[in-house]
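# no sequence for this one, just the structure:
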């Protein structure tokens, strides 16, 4: 009888240990996947922001799953996406996530400023890895001429 109880207790402990080990392996895999998606997200944003910083953006056009950035000097860059990858300037990056086609583009222009906001929804297992690009341009440069102070006479 004591042997049966001992074997039963050892079996329960072994099952609990195997379950704990399986949970730890699952958490590690999910953490690795999350890290890979965050790195992919950062690379896509960096590539787009580098072009936005180096070139003057004139306009943005959208056609289905392609966004075209049009810069001065007729330079064009295309952002293309499908279910799990984004290609920018012929450089494809693959997410371990799903990219929604619900892209939001906001373009606001005033006489002095231009603001572009692009949001590409990317989700994986209820985690958000959206690609969000915000670009602000100041259009009008004001140069103030220095006027001499009439009370300050430097001829003396």
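Arrived safely, thanks for sending. On a predicted model such as this, the values are computed, not experimentally measured, just so you know.
# Please, where are all the helices along this protein?
Secondary structure of the chain (DSSP state H): helices at 2-54.
# what about the residue nearest the centre of it, distance to residue 72?
Closest to where the C-alpha atoms of the chain average out (C-alpha atoms, centre = their mean) is residue 131, at 3.0 Å. As judged by C-beta to C-beta, to the nearest Å, residue 131 and residue 72 stand 24 Å apart. For every residue, glycine as well, the C-beta is placed using N, CA and C.
# before we move on, the earlier item: who does the residue nearest to the centre of the chain bridge with?
When bridges are called by DSSP bridges, residue 131 pairs up with residue 120.
# thought it was touching residue 122?
Yes. Here residue 131 reaches residue 122: they are 6.2 Å apart, a contact under C-beta atoms under 8 Å.
# Common neighbours of those two, please.
Residues touching both residue 131 and residue 122 (C-beta atoms under 8 Å, 6 or more residues apart in numbering): residue 41.
# got the buried residues for stretch 104-114?
residue 114 (16 or more other C-beta atoms under 10 Å).
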